[in-house]
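A.B. asks: I would like to see how this sequence folds:
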Amino acid sequence: LFLFFIVNIAVIKIRYNMGDELNYGYLSPFFPVFPIAAIILQAVLAIWLVKMSIIAWIVAPVWIGLGIVIYFIYSKQHATEIEGDIRVLEEEEAAPESGNAYRVMIPIANPDNAFSLISNTIKLCGKRKARIKLLHMVSVPDQVPLTDARKSITEGREAIVEAMLYLKPRFPITTSIRYGRNVARGIVSAIREKKIDLIIMGWHGKREDQRFNLGSIIDPVVSRSPSDIIILKDCANKRFKNILVPLYGDYNDIFSLETATYLLNPDGGKITVLYLYGNTKQHTKQHIESLLADIYNGKLELDLKVSSARNIVRVVVNASRHFDLVVIGIEDRFLTRFGILSSSEIIANQCPAPLALVKCSRKIISWTKRWI
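C.D. replies: Numbers count the residues shown, from 1 in each chain. Next up is the predicted model:
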C-alpha cells in the first residue's frame, strides 16, 4: 500500500516535470485527478490498516527508508545517465554563504541578453544584499548527442563573463553552465537545487508559438518555479521616473509594489497605482498605504487611481502608453495551463511600454513545487 502511494506521487512528479518530453505508451485520463484520488484513498486505507496490523506500519516505512538510504549512499553515484538528465558542464562557487542569504538566479542565453539584465539586476538586488547565481543552459537538439554539448558553450561563457564584469564588484557570484534537452526544466532544476529565492529573466515580448502563453521557456518556469519571479521586457539601461502598478487584489500586490520601488529612479519619480477591483478610493488608499509601510521606509510620491471597468486589459494597455514602466503580477489561474491566457498575460503581449511581470511564491505551494 505504501509502495503504491509513492508510485502515484512519482506519476504526478514525472508528468509535472517532464510533460511532453517523454513518449508515453499510455496516458492517464483526467490527469492528475485519478492519481490524487488514489493517494487520498490509500492514505485512508493506511490509517485503517493500523487496526489490522501495526507490524505493517513499521515494516513498510523501514523498507522504503532503507531503499532511500541505499540510493543516496551508493546508487545515486553509480546511476546510468539517461537522455532526460540535466548535467553540469562547469560550475564555480562563490565564498561560502550564511544560511539566511538571499539567493538570486539569472538565466542568461547570450552576451546581449546578459547585458540587458545587468542594470535592473543591480537595482533589484542592491538593497536585498543578494548572492547572485548566473546560469547558462546549453540546449542540445534531439539529433545531437548530449556528449557534444561542450562544443556549444562558447556563447554561454561569453555571456557569463559579460555579466560578471558588472556584477562581481557588487555581489558574490556563482556561475553554472548546464546542458540538457529541455532548457526550462534545467532552469527549474537549478532553482530547486540551489534553493533560489528570486529568479530574474528577460523576455523579448513576442508570443511566437500559440501553444504557449508567453514562451516555451518562460511558461514552464512560471508554473513550476518555487521561487519569486521577475520577468523584464524592454527594460535594458533605462531610468524609470513614472511607473504604473495595476493591482488585482491578490497575493502578488505587495511584491508588485516592492518591485516598483526598487526600479524607480532614485533621484525622483512617481508610482501610479491602478486599483482594478473597484473599492472606494478612501478604502483603497488605506490598503495601499498599509502595503507600502511593510516594504518602503522612504518618502514616495504615489498617485492612486481606481477602476471598476470590466475590460481591465483595455484599461491597463491604454494607460501604459503614458508611463515609463508597467509592473504587473502574473495571475495564477488553472485555465492558463490549457493555453487560455489570463488578463495579465494578454496585457503583457499587448503592452507598448517596458514591462515587469512578477509572481510571488506562496509558502505551502512553494514547498510543494520544490519537492514535486
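
A.B. asks: Bridged to L302, which residues?
C.D. replies: Counting by DSSP bridges, L302 forms beta bridges with I271.

A.B. asks: Pull up the gap between it and L134, please.
C.D. replies: Counting by Cβ to Cβ, to the nearest Å, the separation of L302 from L134 is 34 Å. Where you see a C-beta, it was placed from the backbone N, CA and C, and this is true even at glycine.

A.B. asks: Out of these two, name the residue with the larger neighbour count.
C.D. replies: L134 (27 against 18; other Cβ atoms under 10 Å).

A.B. asks: ranges for the helices of this structure?
C.D. replies: 2-18, 33-52, 54-70, 76-78, 111-126, 154-167, 183-194, 218-224, 253-263, 281-295, 312-320, 343-350, 363-371 (DSSP state H).

A.B. asks: who wins for proximity to V140 among those?
C.D. replies: Among the helices of the chain, the nearest to V140 by Cβ to Cβ is helix 183-194 (9.7 Å).

A.B. asks: tilt between the closest one and helix 2-18?
C.D. replies: Relative orientation of helix 183-194 versus helix 2-18 (axes from the mean of the first three to the mean of the last three Cα atoms, to 10 degrees): 120 degrees.

A.B. asks: what about helix 183-194, distance to the chain center?
C.D. replies: Relative to the chain's own centre, helix 183-194 is displaced by 10 Å; criterion: Cα atoms, centre = their mean, to the nearest Å.

A.B. asks: cool, and stretch 258-267?
C.D. replies: 21 Å.

A.B. asks: That one: which residues count as buried?
C.D. replies: Neighbour-count burial for stretch 258-267 flags 258-265 (criterion: 16 or more other Cβ atoms under 10 Å).

A.B. asks: Tabulate the helices of the chain (TSV), appending mean pLDDT and distance to L27.
C.D. replies: What follows is these, written out as TSV (pLDDT from 0 to 100; distance: least, Cβ to Cβ, whole Å):
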stretch	mean pLDDT	distance to L27
helix 2-18	78	9
helix 33-52	82	11
helix 54-70	82	27
helix 76-78	69	29
helix 111-126	86	36
helix 154-167	86	35
helix 183-194	89	19
helix 218-224	87	19
helix 253-263	89	36
helix 281-295	60	44
helix 312-320	89	34
helix 343-350	87	27
helix 363-371	56	23
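
A.B. asks: gap between the spatially most central residue of the chain and I347?
C.D. replies: Taking Cα atoms, centre = their mean, the centroid of the chain lies closest to S225, which sits 3.8 Å from it. Distance, S225 to I347, by Cβ to Cβ: 21 Å.
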